[in-house]
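Colleague: structure of the sequence below:
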Amino acid sequence: MEILSQLKEKIISAVLYYYIDFVYKTSKIEKKGNLKYLESDYPDKFVLFIWHGDSYCYYPFLKRKKLNIVTTQNKRGGVITRISNHFGYDVLRLPDTAADGNYMFQLKSQINKTNNANLVLSVDGPEGPEHQIKDFAIIMALFSDRKILPLTVDIKHSVSLKNRWDKLKIPLPFNKITINVKKPFKIERKDRKEKFKSLKKEIKKSMEN
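Modeller: Okay, here's the model as predicted:
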């Protein structure tokens with residue numbers, strides 16, 4: 001049963017990463033904004049914020065660049081891990097819940113000792129609500145002493161999965177995809193005092209603009 005499950009996971013992953021690769025090869029990809037921050041040799045590393053519903057659209061964008069993708073230990077996390085590995089990214093897998101109590105410190109330790117790469121978080125995941133930035137994402141930037149770098153994607157033609165909470169976007173081939181690297185945000189002492197409310201609002205505005 002376990003072998004069958006792994007085979008199914010492998011097939012689904014292959015279909016997904018070959019498809020998104022095909023979409024990028026047949027589409028016009030436009031890159032805007034602060035692209036220098038994403039270069040592997042840029043001295044500062046960031047926590048990249050993306051919306052969960054847009055996550056599939058980004059995979060080939062930074063192909064073969066240093067990147068850590070955060071996902072969960074469940075089966076969906078297994079598919080994400082396989083897709084990420086195909087594009088040359090490293091994966092940090094969290095427990096499905098925070099029950100163990102120290103997963104945040106484990107993640108911080110992994111980030112600091114592995115490969116000095118940018119960290120990618122789907123900031124309204126894993127279960128939503130849509131476009132509501134979770135405290136975990138902000139705290140992860142705070143713990144790793146990094147600035148937050150929001151990314152946004154605009155897709156001319158896509159299919160949206162309306163039955164999912166995140167309305168996951170599947171871009172179509174022969175498309176126009178525009179990815180924008182926004183200005184970075186630094187977490188200040190005042191943000192901690194007000195439990196990040198204003199900071200979340202500013203980042204959300206930047207990502208929805």
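
Colleague: any idea which helix or strand comes after the least confident helix or strand in the chain by mean pLDDT?
Modeller: Among the helices and strands of the chain, helix 103-113 carries the lowest confidence by mean pLDDT, DSSP states H and E, at a mean of 65. Remark: after helix 103-113, the chain's next helix or strand is strand 118-122, criterion DSSP states H and E.

Colleague: mind checking how far that next one is from the chain centre?
Modeller: Counting by Cα atoms, centre = their mean, to the nearest Å, strand 118-122 is centred 5 Å from the centre of its parent chain.

Colleague: equivalent analysis for stretch 61-80, please.
Modeller: 8 Å.

Colleague: buried stuff in it?
Modeller: 61-62, 66-72, 77-80 (16 or more other Cβ atoms under 10 Å). For the C-beta atoms, the positions are set from N, CA and C on the backbone; glycine is no exception.

Colleague: including secondary structure, pLDDT and distance to Phe136, could the residues you listed go into CSV?
Modeller: CSV is the format used below for these (DSSP: H, G, I helix; E, B strand; the rest coil; pLDDT from 0 to 100; distance: Cβ to Cβ, whole Å):
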residue, secondary structure, pLDDT, distance to Phe136
Phe61, helix, 94, 23
Leu62, helix, 88, 22
Lys66, coil, 82, 22
Leu67, strand, 88, 19
Asn68, strand, 89, 15
Ile69, strand, 90, 15
Val70, strand, 84, 9
Thr71, strand, 82, 13
Thr72, strand, 74, 12
Gly77, helix, 79, 15
Gly78, helix, 85, 21
Val79, helix, 91, 21
Ile80, helix, 91, 17
